[in-house]
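Trainee: Next comes the sequence, and after it the predicted model I'd like to discuss.
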Amino acid sequence: MPAAFARWAARARSALLVAMLAPLAGAGWAQPLSVVDDRGRTVVLPAPPQRVVSLVPSLTEAVCALQACGRLVGTDRFSNWPASVRTLPKLGGLEDTQIERLVALKPDLVLTATSSRANDRLEALGLRVVALEPRTLQDTERVLGQLGRALGDAAAGPALWQQLQQRIGAAAARVPAALRGQKVYFEVASAPYAAGEVSFVGELLARLGVGNVVPAAMGPFPKLNPEFVVRAQPDIVIGTARAVAEMPARPGWGALRALQQGRVCGFASEPWDTLVRPGPRLAEGAELLADCLAGLPPAAAQAR
């Protein structure tokens with residue numbers, strides 16, 4: 001009898017221990033989480049963060065796309081998607097982060113860019129800071145994976161990226177074959193700054209089958225001499241609706257055949273965000289571009 005009782009007691013203790021540990025394992029708390037950010041720093045999180053501040057719009061969007069929007073407690077002033085984040089406390093930007101307000105929110109994770117001036121101070125105050133700055137499509141894939149791991153779901157990032165890839169491929173299939181290889185001027189700001197071949201925008205255009213007037217050697221988002229654009233004579237011009245409307249009045253730009261022939265894609269501010277943020281809405285951006293490209297008038301024959 002004593003031996004039987006001892007075996008029963010041992011089984012009971014084992015069952016109780018399993019019952020106690022099961023909720024912790026299910027919540028992903030069995031082991032700390034470790035993420036290497038774009039500064040090369042390893043950030044250890046004792047548990048999946050429940051109070052997240054994001055200071056980069058593309059990272060805000062990624063958190064929400066990874067089904068963790070409810071964990072956000074504050075964002076930068078530019079984060080505006082999805083609509084639910086617009087009501088969160090706005091904490092400035094990368095250059096003017098409102099440190100005291102941010103600390104008062106007691107975040108257990110702050111998402112920021114490598115270029116943010118606030119990073120060192122936030123870490124000095126004891127906050128866990130993960131700096132991520134996607135610049136290419138490959139970077140975006142990597143960042144989604146890192147965020148998924150940081151949020152406690154390592155499979156979520158790769159799964160989301162696979163969905164984006166499928167949608168971008170479907171968008172590319174809608175671009176008319178006649179546009180393949182035609183050169184695009186994609187203006188990101190009116191100085192003018194353009195998206196070059198090596199930017200995530202340039203890579204997205206390449207996925208859609210069109211070319212770029214800004215070669216890789218000029219960098220991802222170079223400032224151009226306006227005469228460069230006139231000499232390049234792009235087949236298609238893309239920018240904000242306001243910029244495209246103003247372009248014909250720029251000195252010499254009236255000679256751009258793309259403007260003369262209406263071979264332009266001008267986007268309002270809200271859809272424009274999807275094109276210039278390297279995050280989970282890239283596929284939506286590809287679809288917007290494909291729809292515009294498919295609706296362009298054919299290029300007129302050039303006079304000889």
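Mentor: Yes, it's here.

Trainee: C-alpha only now, for contacts and for neighbours.
Mentor: Will do.

Trainee: Val201: neighbour count?
Mentor: Applying the criterion other C-alpha atoms under 10 Å, we find 27 residues in the vicinity of Val201.

Trainee: same deal with the one 5 residues further on?
Mentor: Using other C-alpha under 10 Å, the number of residues around Ala206 comes to 17.

Trainee: What is the least confident helix or strand in the chain?
Mentor: Among the helical and strand segments of the chain, the one scoring lowest on mean pLDDT, DSSP states H and E is helix 2-26, with a mean of 49.

Trainee: can you give me the mean pLDDT across stretch 158-171?
Mentor: Summarised as a single mean, pLDDT over stretch 158-171 is 98.

Trainee: For Gln31, report the pLDDT, please.
Mentor: The pLDDT attached to Gln31 in the predicted structure is 78.

Trainee: Isn't Ala65 up against Leu164?
Mentor: No: here Ala65 does not reach Leu164: they are 11.2 Å apart, not a contact under C-alpha atoms under 8 Å.

Trainee: Now list whatever residues contact both of those two.
Mentor: Shared contacts of Ala65 and Leu164, defined by C-alpha atoms under 8 Å, 6 or more residues apart in numbering, are found at Pro280.

Trainee: residues near Leu296, how many?
Mentor: Counted by other C-alpha under 10 Å, the residues lying close to Leu296 total 16.

Trainee: Could you grab the helix/strand/coil label for it?
Mentor: At Leu296, secondary structure determined by DSSP: H, G, I helix; E, B strand; the rest coil is coil.

Trainee: Surely it and Leu259 touch.
Mentor: No: between Leu296 and Leu259 there is no contact, the gap being 11.7 Å when judged by C-alpha under 8 Å.

Trainee: Quick check: can you list the domain ranges of this structure?
Mentor: By the assignment in automatic domain parsing, the chain contains the domains 33-154, 176-294.

Trainee: if you average pLDDT over the shortest one, what comes out?
Mentor: In this model, domain 176-294 has a mean pLDDT of 97.

Trainee: got the end-to-end distance for that domain?
Mentor: Between the opening and closing residues of domain 176-294 we find a distance of 6 Å, counting by C-alpha to C-alpha, to the nearest Å.

Trainee: now do the longest one
Mentor: Across its full length, domain 33-154 reaches 10 Å between end residues, using C-alpha to C-alpha.

Trainee: Give me the distance between that domain and the centre of its chain.
Mentor: Here domain 33-154 is found 12 Å from its chain centre; the criterion is C-alpha atoms, centre = their mean, to the nearest Å.

Trainee: cool, and stretch 192-212?
Mentor: In this view, stretch 192-212 has its centroid 16 Å away from the chain centroid, taken as C-alpha atoms, centre = their mean.

Trainee: Helix or strand next in line after the least confident helix or strand of the chain, which one?
Mentor: Where DSSP states H and E defines the elements, the next helix or strand beyond helix 2-26 is strand 33-36.

Trainee: List the buried residues for the very next helix or strand once past that following strand?
Mentor: Toward the C-terminal end, the helix or strand that comes next after strand 33-36 (DSSP H and E) is strand 42-45. Buried residues in strand 42-45, counting neighbours by 16 or more other C-alpha atoms under 10 Å, are found at Val43, Leu45.

Trainee: Check stretch 125-136 too.
Mentor: Taking 16+ other C-alpha under 10 Å as the basis for neighbour counts, the residues of stretch 125-136 that come out buried are Leu127, Arg128, Val129, Val130, Ala131, Leu132, Glu133, Pro134, Arg135, Thr136.

Trainee: And stretch 204-219, by the same measure?
Mentor: Leu204, Leu205, Ala206, Arg207, Leu208, Gly209, Val210, Gly211, Asn212, Val213, Val214.

Trainee: how far away is Ala232 from Gln162?
Mentor: If you measure Ala232 against Gln162 using C-alpha to C-alpha, the figure is 36 Å.

Trainee: Who has more neighbours out of these two?
Mentor: When Ala232 is set against Gln162 and neighbours are counted by other C-alpha under 10 Å, the residue ahead is Ala232, at 15 against 12.
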